[in-house]
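Q: For reference, the sequence and a predicted model appear below.
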Amino acid sequence: MADDSTQAAPSFPFGSTPADHPAGSAEPGFAPLRTERLTIRPLHAGDAAALHRLVNDWEVAKTLARVPFPYPRDLADEWIASTRERLQARRAWDLAIVGEEAGQEMLVGVIGIERHGERDAEIGYWVGRRFWGHGVATEAARRMASWALANLEIDRLTAGVLLDNPRSAAVLRRIGFRETGTGEREFPARHATLPVLLFEARREDLPAAAAEAEPPPAVANGKPVLLVSACALVDADLRVLLARRPEGKPLAGLWEFPGGKVHQGESPEAALIRELHEELGIDVAESCLAPFAFASHGYERFHLLMPLYLCRRWEGRPTPREGQALAWVRPERLGDYAMPPADKPLVALLRDFL
């Protein structure tokens, strides 16, 4: 993993905004990710020369596991070709970090996510030396980590950084990663196995986890109480609708019963009717909401109280209006979906009832 240190200033205009569409063919099934200054997209054959030029640099290669030095030119072609298969198999997402200069796309570095185990993945990145000192690694790593935890079926991201690479460790801490210990990794460029700092991040560690709306003034055990209404929509086949929290929201990537925060002056039923219309585009009458159960769960910053209603009748077709994924799930399969801690106790009750 390369650092984000200050070296020679680049001509790359980091105040500019990347083009709306990257050069080269887009990878099927993966939409490029945008940040304020960058685009993160699949690598293609046309990137090989620029990739070789950036990574065949001792100051970059010495910090990377599994990268030799000197870095052969044909290895860039071979590795880029291999990334397509890994991407299509959803084993790894090795992506180009690109910006724009004089209206032309410019390769800045590479960032990747690789699965390790059933619910874990590792993040790694490097940035060309001429782009150090401009926050590129932080910007790309923050976006990639947020995307991964929101869109992949994982609960944890890990990373490893050489002990003599403090700037890269600072990048990880800056975006919410926590140090968990030390380990060892092989660094082919140095022909040695060297000690590394180990890091991890879960959904609650990312900055978005602190973005909850201001809670009401009620207090339980010293924590503000947040009142949220939720609904189990049940169709004619006895399937239950789950919604996946989209990127940018707290606990992004977890599945939940649709609903939302009860605003001041609202009843739980009125809040739920409003939320179902805003999130799913459906209209529900209060008479069709049947109180079923409730959850009470203490999070770090607040205590959640969540009544769950059942609803079998509504007008309209549930449609994701906030970028969330939707899934109609058989009751016996509800436990297969990763859910927030507050929702989990409700699953067994709902499964037994239906």
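A: Everything's here; your move.

Q: Any idea how many residues pack against E100?
A: For E100, the neighbour count with other C-beta atoms under 10 Å is 19. Backbone N, C-alpha and C define where each C-beta goes, glycine included.

Q: swap that for L226, sorry
A: The burial count for L226: 22, using other C-beta under 10 Å.

Q: do L349 as well
A: 14.

Q: What of E200?
A: Neighbour count of E200, defined by other C-beta under 10 Å: 17.

Q: Give me the buried stretch members for the helix or strand harbouring it, please.
A: Using DSSP states H and E, E200 maps to strand 192-201. Using 16 or more other C-beta atoms under 10 Å as the test for burial, strand 192-201 gives 196-201.

Q: Over to stretch 303-319?
A: 303-311, 314, 318.

Q: got the residues you listed as JSON lines, with secondary structure and distance to E122 columns?
A: Listed next are the buried residues of stretch 303-319 as JSON lines, based on DSSP: H, G, I helix; E, B strand; the rest coil; distance: C-beta to C-beta, whole Å:
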{"residue": "H303", "secondary structure": "strand", "distance to E122": "34"}
{"residue": "L304", "secondary structure": "strand", "distance to E122": "31"}
{"residue": "L305", "secondary structure": "strand", "distance to E122": "37"}
{"residue": "M306", "secondary structure": "strand", "distance to E122": "34"}
{"residue": "P307", "secondary structure": "strand", "distance to E122": "39"}
{"residue": "L308", "secondary structure": "strand", "distance to E122": "36"}
{"residue": "Y309", "secondary structure": "strand", "distance to E122": "40"}
{"residue": "L310", "secondary structure": "strand", "distance to E122": "41"}
{"residue": "C311", "secondary structure": "strand", "distance to E122": "41"}
{"residue": "W314", "secondary structure": "coil", "distance to E122": "42"}
{"residue": "P318", "secondary structure": "coil", "distance to E122": "35"}
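
Q: Give me the three-state assignment for W79.
A: Of the three states, W79 takes helix according to DSSP: H, G, I helix; E, B strand; the rest coil.

Q: Then A230?
A: Per three-state DSSP, A230 ends up strand.

Q: How is the chain divided into domains?
A: 33-207, 211-353 (automatic domain parsing).

Q: Closest one to V161 out of the buried residues of strand 192-201, please.
A: The shortest approach to V161 among the buried residues of strand 192-201 belongs to L197, at 4.9 Å (C-beta to C-beta).

Q: now that closest one: how far from L162?
A: Counting by C-beta to C-beta, to the nearest Å, the gap from L197 to L162 is 8 Å.

Q: repeat for A270
A: 55 Å.

Q: Of those two, which one has the most company?
A: Set A270 next to L162 and count neighbours by other C-beta under 10 Å: L162 wins out with 22 against 14.

Q: quick one on the thing from earlier: hey, least reliable of the domains of the chain by pLDDT?
A: Among the domains of the chain, domain 211-353 carries the lowest mean pLDDT, a mean of 88.

Q: Run the chain-centre distance for that domain.
A: Offset of domain 211-353 from its chain centre (C-alpha atoms, centre = their mean, to the nearest Å): 21 Å.

Q: before we move on, what about stretch 147-154?
A: 5 Å.

Q: Restrict that stretch to CA atoms and write it as CSV.
A: What follows is stretch 147-154, C-alpha atoms only, in CSV (Å, rounded to 0.1, in the frame of the first residue of the first chain):
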residue,chain,number,x,y,z
TRP,A,147,-19.1,1.5,-1.5
ALA,A,148,-17.8,-1.9,-0.4
LEU,A,149,-19.6,-2.0,2.9
ALA,A,150,-22.8,-0.8,1.3
ASN,A,151,-22.9,-3.1,-1.7
LEU,A,152,-21.0,-6.3,-0.9
GLU,A,153,-22.2,-9.0,1.4
ILE,A,154,-19.4,-8.2,3.9
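
Q: Can you tell me what sits against it?
A: Contacts with stretch 147-154, where a contact means C-beta atoms under 8 Å, 6 or more residues apart in numbering, come from 33, 93, 113, 115, 119-121, 123, 157, 201-203, 206, 245-248, 252-253, 338.

Q: Could I get the buried residue list for it?
A: So stretch 147-154, judged by 16+ other C-beta under 10 Å, has buried residues 147-152, 154.

Q: With respect to burial, which of the domains of the chain scores highest?
A: Of all the domains of the chain, domain 33-207 has the most neighbours on average by mean count of other C-beta atoms under 10 Å, namely a mean of 18.

Q: hang on, P268 packs against C231?
A: No: at 10.3 Å, P268 does not count as touching C231 under the criterion of C-beta atoms under 8 Å.
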